[in-house]
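J.: I'd like to go over a predicted model; first the sequence, then the structure.
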Amino acid sequence: MNKAVKIFLIIVAFFIFFLLVMLLKGGNADQPGLGGIVGVILLFVFIAVARAIWKYEEDKTSSNQSTYIQSKNVKKSILVSENFDSLYDELLAKCNPQNYLEPYDFEKAQSANELYQRVLECDKEDEAILKQIRKEAILKLGAKFSTSHLYNEIWNEYDPSRFTGKVYDAEKFSIANTIRQKAVENAKNIEILEILVKEAEEKLGKRSNDIENKYDFIKDFFEGLAMVRKNYRYGYIDKEGNEVIALQYEDAKDFSEGLAMVCKNYRYGYIDKEGNEVIALQYEDAENFSEGLAVVRKDGKFGYIDRNGEVRIPFCHFNANSFQNGKAEVEIEKTWYYRDKLGNLLDKRNGNIIIEKEKKLCQNK
């Protein structure tokens, strides 16, 4: 308790005691006066107040001492959760000799002084020497170094879910999952975490090298290949992520029935899975093959070709869709009809065949 407070309480106590004695003289021996009763009450009030003040001062002193000791401990051993820009900066903080002057530790102060000087003389980029100094700081000083950056790198950069996307890799998923589990078991062991990070980088590669990050766009796999796009050029990859057909097309579609529609210089045609051009790029527009036929446009009109590039239904439609369930919707002179695979024109209302020659609906053959 503060010395001035103690003196004040003692003076007040003497004053109340003197007042009490004077007031007690106001009554007789059998019955003290009213003033005596008031004096007794004042005495008890004083005692209660004095005890409260005393306890407050003691608690305040204890709290200050606790805060002081705690601040010393934090200064001596910097929290592991602190973040540093580099190992060099962390070593400067953890090996500072001032950390061991209060409370004083001669041996650790000497060791810290030697290590601190070596850090100052070391190249900031020399990871090998810096890691050696860190190892000595752990042994000689009991210093605790941050592991959060390594742990977070394993958890985020080498996340097993990286290998479960459109390009699935069971082997890499297993490696990433095993490394993550080891990281969880050794979350505070900086040397093991560093080994795990190195292993992950060698076996899994950086996230920036993933297939998903290599291309601007990846479609789903169809018939074993997926269409990809980068810088507005299209190509195809296999399920291992290999680029089997180079990025060279202005437009492209998924593989269907062994062929894929592609476009170069505003002309459309078809390639096979080896990238061979099996139907020349000659059309103004085209769709994928469906049920053995593909709708294409030439000279402003739509018709249908087979997988050999032979015209099976003439170019006489203002619009046309792909075949489904043996029929395809076509537009002639602002009216929609069906076509069957034999080329017959069908009435959409009843399915009856319309004789084109009589109706003069498709004369551009």
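T.: Perfect, thanks for sending it.
J.: how about the strands of the stretch 251-365 of the chain, start to end?
T.: Ranges of strands within the stretch 251-365 of the chain are 251-252, 260-264, 267-271, 277-283, 285-286, 294-298, 301-305, 311-317, 319-320, 327-332, 335-340, 345-346, 353-354, based on DSSP state E, counting those that start in this stretch.
J.: could I get the second one in PDB with only the CA atoms?
T.: What it means is strand 260-264. Extracted C-alpha coordinates of strand 260-264, given in PDB (Å, rounded to 0.1, in the frame of the first residue of the first chain):
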ATOM      1  CA  ALA A 260     -14.500 -32.400 -82.700                       C
ATOM      2  CA  MET A 261     -15.500 -29.300 -84.500                       C
ATOM      3  CA  VAL A 262     -12.700 -26.700 -84.800                       C
ATOM      4  CA  CYS A 263     -12.200 -23.300 -86.500                       C
ATOM      5  CA  LYS A 264      -9.300 -21.500 -88.100                       C
END
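J.: List the buried residues of it.
T.: Residues Ala260, Met261, Val262, Cys263 are the ones in strand 260-264 that count as buried (16 or more other CB atoms under 10 Å). All C-beta spots, glycine's among them, are computed from the backbone N, C-alpha and C.
J.: would you turn those into TSV with pLDDT and distance to Tyr283?
T.: Formatted as TSV, those follow (pLDDT from 0 to 100; distance: CB to CB, whole Å):
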residue	pLDDT	distance to Tyr283
Ala260	97	14
Met261	97	9
Val262	97	11
Cys263	97	9
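J.: Can you name the two of those that sit furthest apart?
T.: Using CB to CB, the buried residues of strand 260-264 span at most 10.7 Å, a distance reached by Ala260 and Cys263.
J.: list the residues that contact both of the two?
T.: Counting by CB atoms under 8 Å, 6 or more residues apart in numbering, the shared contacts of Ala260 and Cys263 are Ala252.
J.: Quick check: pLDDT value at the closest residue to Asn189 other than its chain neighbours.
T.: Among residues not flanking Asn189 along the chain, Thr147 sits closest, at 7.3 Å (CB to CB, 6 or more residues apart in numbering). The per-residue pLDDT reported for Thr147 equals 84.
J.: related to what we said a few turns ago, distance to Arg229 added to the strands of the stretch 251-365 of the chain, as TSV?
T.: Output for the strands of the stretch 251-365 of the chain, formatted as TSV (distance: least, CB to CB, whole Å):
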stretch	distance to Arg229
strand 251-252	8
strand 260-264	12
strand 267-271	16
strand 277-283	18
strand 285-286	18
strand 294-298	22
strand 301-305	26
strand 311-317	30
strand 319-320	27
strand 327-332	29
strand 335-340	33
strand 345-346	38
strand 353-354	42
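J.: Identify whichever of those lies nearest to Leu225.
T.: Nearest of those (CB to CB): strand 260-264, 7.8 Å.
J.: Does Ile245 lie in a helix or a strand, and which?
T.: Per DSSP states H and E: Ile245 is located in strand 243-249.
J.: Just the angle for that strand relative to strand 267-271, thanks.
T.: Relative orientation of strand 243-249 versus strand 267-271 (axes from the mean of the first three to the mean of the last three CA atoms, to 10 degrees): 170 degrees.
J.: Let me see the mean pLDDT of strand 243-249.
T.: For strand 243-249, the mean confidence score works out to 96.
J.: Tell me which residue is most central in this protein.
T.: Centroid check for the chain by CA atoms, centre = their mean gives Asn156 as the closest residue, at 5.9 Å.
J.: hang on, the earlier thing: so what are the sheet partners of the strand holding Ile245 and their directions?
T.: In the sheet containing strand 243-249, its partner strands are strand 233-237 (antiparallel), by DSSP bridges.
J.: My read is that the residue nearest to Asn189 contacts Ile190, right?
T.: Yes: Thr147 is within contact range of Ile190, at 5.0 Å (criterion: CB atoms under 8 Å).
J.: just for the stretch 51-200 of the chain, where's the confidence low?
T.: Confidence mapping of the stretch 51-200 of the chain against pLDDT under 70 gives the ranges 51-82.
J.: how about the helices in it?
T.: Ranges of helices in the stretch 51-200 of the chain, per DSSP state H, counting those that start in this stretch, are 87-94, 106-121, 127-141, 148-157, 170-185, 190-204.
J.: Deepest-packed of the ones you listed, please.
T.: Stretch with highest mean neighbour count among those: helix 87-94 (a mean of 19; mean count of other CB atoms under 10 Å).
J.: What is the neighbour count of Gln282?
T.: 12 (other CB atoms under 10 Å).
J.: residues contacting it?
T.: By CB under 8 Å, 6+ apart, the contact set of Gln282 is Arg267, Tyr268, Gly269, Lys298.
J.: cool, Phe302 as well?
T.: So Phe302 contacts Asp285, Val295, Val296, Phe315, His317, Phe318, Asn319, Ala320, Val330 (CB under 8 Å, 6+ apart).
J.: Whichever of the residues you listed end up buried, select them in ChimeraX.
T.: Entered in ChimeraX, the line below selects the buried ones among the contacts of Phe302, by 16+ other CB under 10 Å:
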select :285,295,296,315,317,320,330
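J.: would you turn the contacts of Phe302 into TSV with pLDDT and distance to Gly165?
T.: Output for the contacts of Phe302, formatted as TSV (pLDDT from 0 to 100; distance: CB to CB, whole Å):
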residue	pLDDT	distance to Gly165
Asp285	96	32
Val295	97	33
Val296	98	34
Phe315	94	42
His317	93	40
Phe318	94	42
Asn319	95	37
Ala320	96	36
Val330	95	40
